[in-house]
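A.B. asks: Structure for the following, please:
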Amino acid sequence: MTPMVDLVADLGEGFGAYTMGDDKALLEMLTSANIACGFHAGDPRIMDATVRTCVAQQVAVGAHPSFPDLVGFGRRAMDLTPEEVRTDVLYQIGALQAFAVAHGTRVQHVAPHGRLGNLVAVRADYARAVVDAVAALDESLIILAQDGELADAARARGLRVGIVGIADRAYRDDGTLVPRSEPGAVIHDPDEVARRTLRMVTEGLIRSADGTDIPVTCDTVLLHGDSPGAIALAGRVRDELLAAGVQITSLDKVLSGRGV
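C.D. replies: Model (predicted):
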């Protein structure tokens, strides 16, 4: 069977006059987009423009909700209650949904950002809060996550789950990411990133920071566009996948092909 994978990136992560990353160049490589919803980045003008461009490029729209942390770009831990997480996530998806409807499309998926995204993988209460928000709004929404509490809670509620592979981040033996605060958390060597991506997609394996091959499901590969050389690296990853015979297609098609 021909391997299939979705390509996704975080977009719309500017604020006001400030921009981050080259969204225009990155969009040409994607099949899905995680769009900031105003809590860690993004504002109504940026959200509107990003959704409009996604529609023009036939890239699926996804919500990228975060802790309410503009100053810290959503990467700081915050002592929120599960109810605050639920309502904050519901609020952010609803905001993006309004722009999606205005541009004749719909929100395809929800991918928690930053520290919230890390915590929902290991905190069952936060995972349930995100699932409660998504299920109450639209049960056809796909949850993008790593293996962990959020993926488990979503499947238990009957929601579809797309597992994200992150080739330029180091993994621990338990499948969680090495925190950015630790040395070696981000991998910069293009050759290594390309090799890791191919292994994730074609073999279902990735080498952990301790040198152990661990199993990893990869329904979608997360490409980054906010660091030097990121666009060239994203293009390299896409080209390597295509050269290996991997079909780059929509997340919905990937999951349907796997019976999800």
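A.B. asks: Quick one: residues contacting residue 34.
C.D. replies: Residue 34 makes contact with 8-11, 62-64, 109, 111, 113, 144 under the criterion Cβ atoms under 8 Å, 6 or more residues apart in numbering. Where you see a C-beta, it was placed from the backbone N, CA and C, and this is true even at glycine.
A.B. asks: hmm, I was thinking of residue 31
C.D. replies: 6-8, 59-60, 248-251.
A.B. asks: what's the spacing between it and residue 82?
C.D. replies: 32 Å (Cβ to Cβ, to the nearest Å).
A.B. asks: secondary structure class for residue 164?
C.D. replies: Look at residue 164: counting by DSSP: H, G, I helix; E, B strand; the rest coil, its state is strand.
A.B. asks: Give me the buried positions along the host helix or strand of residue 253.
C.D. replies: Under DSSP states H and E, the secondary-structure element containing residue 253 is helix 251-257. Neighbour-count burial for helix 251-257, counted by 16 or more other Cβ atoms under 10 Å, picks out 251-252, 254-255.
A.B. asks: What of stretch 63-80?
C.D. replies: Neighbour-count burial for stretch 63-80, counted by 16+ other Cβ under 10 Å, picks out 63-69, 73-75, 78, 80.
A.B. asks: and those as a markdown table, adding secondary structure?
C.D. replies: Written out in a markdown table, the entries for these read as follows (three-state DSSP):
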| residue | secondary structure |
| --- | --- |
| 63 | strand |
| 64 | strand |
| 65 | coil |
| 66 | coil |
| 67 | coil |
| 68 | coil |
| 69 | coil |
| 73 | coil |
| 74 | coil |
| 75 | coil |
| 78 | coil |
| 80 | coil |
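A.B. asks: Give me the nearest residue to residue 5, chain neighbours excluded.
C.D. replies: residue 201 (5.0 Å; Cβ to Cβ, 6 or more residues apart in numbering).
A.B. asks: what helix or strand does the one you found sit in?
C.D. replies: Assessed by DSSP H and E, residue 201 sits inside helix 190-202.
A.B. asks: Tell me which other helices or strands whatever helix or strand comes next after that helix touches.
C.D. replies: Where DSSP H and E defines the elements, the next helix or strand beyond helix 190-202 is strand 205-207. Contacting strand 205-207 under the criterion 3 or more Cβ pairs under 8 Å, 6 or more residues apart in numbering; DSSP states H and E are the following elements: helix 190-202, strand 213-215.
A.B. asks: what are the ranges of the helices in the stretch 101-250 of the chain?
C.D. replies: Using DSSP state H, counting those that start in this stretch, the helices assigned to the stretch 101-250 of the chain run over residues 114-119, 124-137, 149-156, 190-202, 230-243.
A.B. asks: Moving C-terminal from the longest strand seen in the chain, which element do we reach first?
C.D. replies: For the chain, the longest strand by residue count, based on DSSP state E, is strand 4-11. The helix or strand immediately downstream of strand 4-11 is helix 23-27, counting by DSSP H and E.
A.B. asks: Check which helices and strands that following helix sits against.
C.D. replies: In terms of contacts (3+ Cβ pairs under 8 Å, 6+ apart), helix 23-27 is packed against strand 4-11, helix 44-57, helix 230-243.
A.B. asks: Going by mean pLDDT, which of these comes out lowest?
C.D. replies: Summarising mean pLDDT across these, the least confident stretch is helix 230-243, with a mean of 91.
A.B. asks: And that helix, what's buried?
C.D. replies: For helix 230-243, a neighbour-count test (16+ other Cβ under 10 Å) marks 230-231, 233-234, 236-238, 240-241 as buried.
A.B. asks: Now tabulate the residues you listed in TSV and tack on distance to residue 42.
C.D. replies: Putting the buried residues of helix 230-243 into TSV (distance: Cβ to Cβ, whole Å) gives the following:
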residue	distance to residue 42
230	19
231	20
233	24
234	20
236	27
237	25
238	25
240	31
241	28
